[in-house]
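Engineer: Please work out how this folds:
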Amino acid sequence: MPKAKSMPQPFQLAACAEMLWLDRPMEWRAARLAELGFGVGLWNWPGLDIDKLIATGASFTIMNGYLQGRLADDDGADMLLASAAETIQVGKRLGVARLNLHGTGLGDGGIPIWQHDVITGSMWLKARDTLNRICDLAEANDVVFTLENLNPLDHPGCPFGSTADVLSLVSSVDRPQLRINLDLYHTQIGEGDLIRWCEKCLPWIGEVQVADNPGRCEPGTGEINYATVARALNDLGYRGPVGMEAFASGDPEDALGAFRSAFTL
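Structural biologist: Numbering: from 1, shown residues only. Coordinates of the predicted model:
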């Protein structure tokens, strides 16, 4: 019997360089990911040698689009806009495709700096206004921002952290300069029901990020059936990037192989 042909890879695969080869310089990690055919995700840019990263020739898919600030109050919004304006210039040097945001800045261990368990109506309106200001800035600089969902266990008290909240904000702004960074690791912990959330968020997704749960390691190490998720994303018509934002349970190249296998149809 002839061997069934696999379908062409429908997704651009990338991986977060911050979480792999932890003993290597960041430019080495970026170069190795590029050699292996992956895009490269980054977190914050201070401390990175931007010239060395550019010299790797890697494709940088996403990085944090701010260093400080928050969505839902005047002072925080002004800080966010100023920080985003500075970060845009670094991102443009690297050719980063998407600049990532959260409801508030994150401190040590990913703990939100500004924690709120109850979001008021005025906070919703202010967050939407702030995101429209971000879109104005993005439009003027020809860049795209994403808003990422975060789970309440790893990031307690993060305002607008749930998948539902992120979808509500991004869809209400509904501008091409703002997309969803749908992190399915966070969705699994916060809400579950991954495929239906993919379907709900689909018109606004800018990137899908993945890690297995528990442990936040590569696909195949936990409870999530990522091969089924990949088929569902393909059937929904998603053709955007999928980034592994996960630690390696063992050898990083084996982890990347498991990720690629789960998302190759």
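Engineer: Just give me the neighbour total for the nearest residue in space to F11 that is not next to it in sequence.
Structural biologist: With sequence-adjacent residues excluded and distances taken as Cβ to Cβ, 6 or more residues apart in numbering, F11 is closest to V242, at 4.4 Å. Placement of C-beta: from N, CA and C, glycine included. Counted with other Cβ atoms under 10 Å, the neighbours of V242 add up to 27.
Engineer: Distance check, V242 against D174.
Structural biologist: 23 Å (Cβ to Cβ, to the nearest Å).
Engineer: same deal with M123?
Structural biologist: From M123 to D174 the distance is 19 Å (Cβ to Cβ).
Engineer: Comparing these two, which residue is more hemmed in?
Structural biologist: M123 (18 against 10).
Engineer: That one and P159 touch, don't they?
Structural biologist: Yes. Look at M123 against P159 with Cβ atoms under 8 Å: they come within range, at 6.9 Å.
Engineer: show me where this structure has helices.
Structural biologist: Ranges of helices in the chain, per DSSP state H, are 26-35, 50-55, 74-94, 121-141, 163-173, 184-190, 194-201, 226-236, 252-262.
Engineer: was I right about S59 contacting A34?
Structural biologist: Yes. Here S59 reaches A34: they are 7.0 Å apart, a contact under Cβ under 8 Å.
Engineer: who's more crowded, the two?
Structural biologist: Shown here are S59 and A34; by other Cβ under 10 Å, S59 has more neighbours (19 against 16).
Engineer: Contacts only, for that one.
Structural biologist: 14, 34, 39-40, 95, 97 (Cβ atoms under 8 Å, 6 or more residues apart in numbering).
Engineer: wait, what's in contact with the residue nearest to F11?
Structural biologist: V242 neighbours (Cβ under 8 Å, 6+ apart): 11-14, 207-210, 230, 233, 263.
Engineer: Report how many residues lie close to G109.
Structural biologist: 7.
Engineer: just to revisit the earlier point, any chance you could list residues touching both of M123 and P159?
Structural biologist: 72, 116.
Engineer: now the closest residue to A34 other than its chain neighbours: how far from A127?
Structural biologist: Among residues not flanking A34 along the chain, A58 sits closest, at 4.0 Å (Cβ to Cβ, 6+ apart). Distance of A58 to A127, computed by Cβ to Cβ: 33 Å.
Engineer: same question, L182
Structural biologist: 18 Å.
Engineer: returning to what we had before: anything in contact with each of S59 and A34?
Structural biologist: Taking Cβ under 8 Å, 6+ apart as the contact rule, S59 and A34 both touch V40.
Engineer: Just list whatever residues bridge to the residue nearest to the spatial centre of the chain.
Structural biologist: Among the residues of the chain, the one closest to the centroid is N181, at 4.6 Å (Cα atoms, centre = their mean). Going by DSSP bridges, N181 is paired in beta bridges with E148, E207.
Engineer: Hmm, it is touching E207, no?
Structural biologist: Yes. Using Cβ under 8 Å, N181 makes contact with E207 at a distance of 5.1 Å.
Engineer: shared neighbours, those two?
Structural biologist: 62, 98, 146.
Engineer: ok, so of the residues you listed, who is nearest G257?
Structural biologist: Proximity of the shared contacts of N181 and E207 to G257 (Cβ to Cβ) peaks at I62, which lies at 21.5 Å.
Engineer: Can you give me the end-to-end span of stretch 228-247?
Structural biologist: Stretch 228-247 stretches 21 Å from its first residue to its last (Cα to Cα, to the nearest Å).
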